[in-house]
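Asker: predicted model, plus sequence, below.
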Amino acid sequence: MSTDIVAEVREAVAAIPSGCVASYGDIAQWIGTSPRQVGRAMGLLDEGVPWWRVVHADGTPATCHQGQAPRLLAEEGTPMRGTRVDMRRARHRGQTPVPPSP
């Protein structure tokens, strides 16, 4: 995996404000890659990155890190609908999609 992609994913995740989330697909659009590549890069990030703010498109939180994501999201006041993030209210839209390279 390209260290550039990992760095871009790290930067995008770090920019998600507390109480907000982005999906793997959102981040993929922002940096011009696939959601699967974003997922792979997420596994290479250090603990200092707010990984719990990256969720599946349907709002399902990550299950890694002994299932801590729902608790961390709740502590930040992230809007939830049952066990899923309310994507309509919590989605971070602060990044501008990068057009794919020619």
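Answerer: Right, received. Where do you want to start?

Asker: let's verify the closest residue to residue 23 other than its chain neighbours: helix, strand, or coil?
Answerer: Of all residues beyond its chain neighbours, the one nearest residue 23 is residue 57 (4.6 Å), with distances taken as C-beta to C-beta, 6 or more residues apart in numbering. Using the backbone N, CA and C atoms, a C-beta is placed for each residue, glycine as well. Three-state assignment for residue 57 (DSSP: H, G, I helix; E, B strand; the rest coil): coil.

Asker: residue 24 is in contact with residue 57, correct?
Answerer: Yes: with contacts counted by C-beta atoms under 8 Å, residue 57 reaches residue 24, the gap being 7.4 Å.

Asker: these two: which has the busier surroundings?
Answerer: Neighbours of residue 57 and residue 24, each counted by other C-beta atoms under 10 Å, are more numerous for residue 24; the result is 21 against 11.

Asker: and for the nearest residue to residue 80 once chain neighbours are set aside, the neighbour number?
Answerer: For residue 80, the nearest residue in space outside its immediate sequence neighbours is residue 86; the separation is 6.0 Å by C-beta to C-beta, 6+ apart. Using other C-beta under 10 Å, residue 86 has 14 other residues around it.
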